[in-house]
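Enquirer: no letters, just coordinates:
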């Protein structure tokens, strides 16, 4: 694997899941693999799980990990071509890229979408620029459109909790929130579930106006009625996102989409998923989050093994 | 030892002091003890000595240490039960706790009191929540009521500077400041000195209105007259704190409580202590801080060995 | 070497360049040299290259590196003598210094000038105070007057790109900017080039009003006409700085000092240098920065080897 910025094909996902489950059993089994290698983690935004799990994964592989809060420890980067830099951006990614490429063997970056300029967000400029200007493997720690390390951890969790011989029904269920959130997590989860269509029946449910971009919705079954969508679900992934079509807006919603125990009357065996952080009693009820049905902590714990599988795969290809 | 959030009993304190003094001689003697173990240090507030000394202690024991400035790199945590999270808190400690517990072998946390809501501060909610929800050993890097790593470093320093065969007189002397400070350091120091009552004669002196909570003042001798309290002192711990009874207030003080050389007319052999940071010429005079009587740098240096003794003790119990 | 805060003599610079070029070939050749040693890096300001390259250099030498953003993770330091600390400074460097000295084997610090108080800036108070109060070797990560690690990386780059047997003409060429910048980089570069006067012909060109302090300009040839200065240059170091005489001001400039390909009509072989971050199309044109004439990425990459040579030299003297 060269870069990790979107879902790979199904066989590569299988290999990553197997590798992750191996490291989960033996975290330090490859502690010499990354010896003398250095990973740089650039953050433009706050992060808890991603920041910690990626550092831990790199340390488990024997790498030196350096975290740089580019927004606070550094300064604002320019990405436009030919710009006269007489404004607020201090350094061009064309100049910073080669420097980062000379300092690190692998570069990870998190950036967030504006949610105001769809065209710009869809370019995923920061990731693309780093790939182009560092000359080194780049891992997305969440881009302006996708969050593949989260989706790999989700896929691992679904694999662990699936009943052998039974193709699970996986439902992505929109949830309310107090402010507009990116589509990165649902985009990415949908992308991965679509690649894994031989392994899962994938259904998306959300209020009208919250349709995902067609390229990510793909072949998923879209059901606007939440109750109907949830029937017989094995996994329910609860997540808020803002409108893609009316970009970044929060179209009014008629009914109550918060997931509660009562929502699952017809899905008695459903496991509850969420990428965290979750707004309790807004997106998901205490009752569900505190019940054994929640595999939310498993997903978060699997972030380490997902990152470790990805970094190991890249290290082996260097 | 499971958690380190308050003074243990006298024999445990003795063991910790011995262990600390051993590590002070041989910092890397146990460099394999923490191999493959990971310590997470969560900060909600600025810190210099605590941040550095705890990292160094963990590194000396071979651990991987990861620092997370939760307030800046992360986001605001909710601790209330059953809250509808439609406000400014982004994640519930019930959800973050298990994640941290799956990432780390030991969890350290610093939080500060509000100084406005006594009842809330006394609950030490963040520490209690982390103990409950991470399932891992928790070390206080200063809580809303106590600062035990500081007190252990203080106890080590007193041990080192005591004259064999002589029970020292230790005086905690209130000092002026420009703003209201927590009671954590004096609460904690008083708690430890009370546990060590067989080893020290412990006196507290402060203006009226600055009484500590009865549970921390314990059996200490309280003397309102600073001159009388300081007579024949062997150790004078200078520290400001705000009122406990009129919670967080700074009741007017009639006389000048700044400690100066002249304050020690009747305590010619007294060692001067302070936990730092100190407001020079407000709490303590330059003259004293720059004299050989000050053991302030010793206390700060001993923070490393205190933390190392505590972490080692926890590692051995895992 | 004890401290690294300014240009050493020519023979020491030669040794450092040789050492840096050795580590560039074999980054981990001395990975045991720093084992059990700890380096503390204090930042009062944002930094990208300096922060990363110094950490990497220390790790390559086997040291434990701890970064402290003193401005954000800590608090404001007092440096004045005898001050009554009833204002915004929280801790005196007299108190923090010995603590840092007891925690670290080598201490690095970055501070920036005020650009408003020349006398104060020229005292380099933070560096001087740390040298005085920590008792440990101090490395400047850029002070209020100089940036020696940058200059060493620049000297390494000039050495690498020089034609054997030919004494290169090196021109420091002032460039426009949108705000007043410190004189540290040009001061330091001029200081180093003056020490290396047997190896380089050193010319400075800038608009009237931008004269450097005489002690740093030294024996450099000053030419106010940019075209004349650039003729037959082998290296052109492009950099903005604010006025020294009218301290921190930006005196009006008549002509366009941005360096473009057309500026180099009479310097066909000139290598272009800049310390980064660079304001593209303000200081330097895209055309030059994106051409093979730019050795800007080389300078940045050499920051690691410069830092590693300096730290190694100090470690060997401990």
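Expert: Structure's in. What do you need? Everything quoted here is computed from the prediction, not taken from an experiment.
Enquirer: need the residues of the stretch 101-250 of chain A near chain B, please.
Expert: residue A:178 (Cβ under 8 Å from any Cβ of the partner chain). Bear in mind the C-beta positions are built from the backbone N, C-alpha and C, glycine included.
Enquirer: which SSE is the residue in the stretch 101-250 of chain A that chain C sits nearest to in?
Expert: Taking Cβ to the nearest Cβ, chain C has its nearest neighbour within the stretch 101-250 of chain A at residue A:102, 3.9 Å off. Residue A:102 is part of helix A:93-103 when elements are defined by DSSP states H and E.
Enquirer: hang on, residue A:23 is in a helix, isn't it?
Expert: Yes - Residue A:23 forms part of a helix when assessed by DSSP: H, G, I helix; E, B strand; the rest coil.
Enquirer: and it, what pLDDT?
Expert: pLDDT for residue A:23: 98.
Enquirer: re earlier: who's in contact with the residue of the stretch 101-250 of chain A closest to chain C?
Expert: Residues in contact with residue A:102 (Cβ atoms under 8 Å, 6 or more residues apart in numbering or on different chains) are C:297, C:300, C:301, C:304.
Enquirer: for the last one, grab the count of nearby residues.
Expert: Number of residues near residue C:304 (other Cβ atoms under 10 Å in any protein chain shown) recorded here: 24.
Enquirer: hang on, it in a helix?
Expert: Yes - assigned with three-state DSSP, residue C:304 falls within a helix.
Enquirer: and the closest residue in space to it that isn't next to it in sequence, its phi and psi?
Expert: Counting by Cβ to Cβ, 6 or more residues apart in numbering or on different chains, residue C:304 lies nearest to residue C:53, which is 4.5 Å off, once chain neighbours are set aside. With angles defined as degrees, to the nearest 10, residue C:53 sits at phi -70, psi -40.
Enquirer: run a quick check on residue C:53 versus residue C:309, I expect a contact.
Expert: No - counting by Cβ atoms under 8 Å, residue C:309 is not a contact partner of residue C:53; they are 11.7 Å apart.
Enquirer: before we move on, the earlier item: ok, residues contacting the following helix or strand past the helix holding residue A:102?
Expert: Going down the chain from helix A:93-103, the next helix or strand is strand A:106-110, by DSSP H and E. By Cβ under 8 Å, 6+ apart, the residues outside strand A:106-110 that reach it are A:37-45, A:47, A:50, A:54, A:63, A:100-101, A:126-127, A:130, A:134, A:136-143, A:311, A:314-315.
Enquirer: filter the residues you listed down to the ones in strands?
Expert: Under the assignment DSSP state E, the contacts of strand A:106-110 contribute A:38, A:39, A:40, A:41, A:42, A:43, A:138, A:139, A:140 to strands.
Enquirer: any chance of TSV for these, columns pLDDT, distance to residue B:29 and neighbour count?
Expert: Converted to TSV, the ones in strands among the contacts of strand A:106-110 look like this (pLDDT from 0 to 100; distance: Cβ to Cβ, whole Å; neighbours: other Cβ atoms under 10 Å in any protein chain shown):
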residue	pLDDT	distance to residue B:29	neighbour count
A:38	97	29	21
A:39	98	31	27
A:40	97	34	23
A:41	96	33	24
A:42	95	38	26
A:43	90	37	23
A:138	98	42	27
A:139	98	38	24
A:140	98	43	28
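Enquirer: from the residues you listed, which single one is nearest residue B:265?
Expert: residue A:43 (56.2 Å; Cβ to Cβ).
Enquirer: ok, that closest one - contacts?
Expert: Applying Cβ under 8 Å, 6+ apart to residue A:43 gives the contacts A:51, A:67, A:68, A:69, A:70, A:71, A:109, A:110, A:141, B:73.
Enquirer: check the fourth one and give its pLDDT.
Expert: Spelled out, that is residue A:69. pLDDT, residue A:69: 88.
Enquirer: run through the bridge partners of the closest residue to it other than its chain neighbours.
Expert: Of all residues not flanking residue A:69 in the chain, residue A:43 sits nearest, at 5.1 Å (Cβ to Cβ, 6+ apart). Residues in a beta bridge with residue A:43, per DSSP bridges, are residue A:69, residue A:110.
Enquirer: in stretch A:206-223, which residues are buried?
Expert: Of all the residues in stretch A:206-223, those buried under the rule 16 or more other Cβ atoms under 10 Å in any protein chain shown are A:206, A:207, A:210, A:212, A:213, A:216, A:217, A:218, A:220, A:223.
Enquirer: pretty sure the first one sits against residue A:175.
Expert: No - taking contacts as Cβ under 8 Å, residue A:206 lies outside contact range of residue A:175: 9.1 Å.
Enquirer: now do the helices in the stretch 201-318 of chain A.
Expert: Residue ranges of the helices in the stretch 201-318 of chain A, as given by DSSP state H, counting those that start in this stretch, are A:214-217, A:226-230, A:286-289, A:296-317.
Enquirer: closest one to residue A:275 among these?
Expert: Minimum separation from residue A:275 across those (Cβ to Cβ) falls at helix A:296-317, 6.8 Å.
Enquirer: quick one: list the elements packing against the closest one.
Expert: If contacts are counted by 3 or more Cβ pairs under 8 Å, 6 or more residues apart in numbering or on different chains; DSSP states H and E, helix A:296-317 sits against helix A:10-25, helix A:49-60, strand A:106-110, strand A:138-140, helix A:148-161, strand A:271-273, helix B:93-103.
Enquirer: quick one: the residue nearest the centre of chain A from residue A:271, how far?
Expert: Centroid-nearest residue in chain A: residue A:147, 2.5 Å away (criterion: Cα atoms, centre = their mean). Remark: distance between residue A:147 and residue A:271 (Cβ to Cβ, to the nearest Å) = 20 Å.
Enquirer: for residue A:309, give its distance to chain B.
Expert: 16 Å (Cβ to the nearest Cβ, to the nearest Å).
Enquirer: for that residue, give me its contacts.
Expert: Going by Cβ under 8 Å, 6+ apart, residue A:309 touches A:16, A:17, A:19, A:20, A:23, A:152.
Enquirer: name the helix or strand for the residue of the stretch 101-250 of chain A found nearest chain B, please.
Expert: Of all residues in the stretch 101-250 of chain A, residue A:178 sits closest to chain B, at 5.0 Å by Cβ to the nearest Cβ. Here residue A:178, judged by DSSP H and E, is contained in no helix and no strand.
Enquirer: count of neighbours near it?
Expert: Counted with other Cβ under 10 Å, the neighbours of residue A:178 add up to 14.
Enquirer: separation between the nearest residue to it once chain neighbours are set aside and residue B:78?
Expert: Among residues not flanking residue A:178 along the chain, residue B:86 sits closest, at 5.0 Å (Cβ to Cβ, 6+ apart). To residue B:78, residue B:86 is 11 Å away according to Cβ to Cβ.
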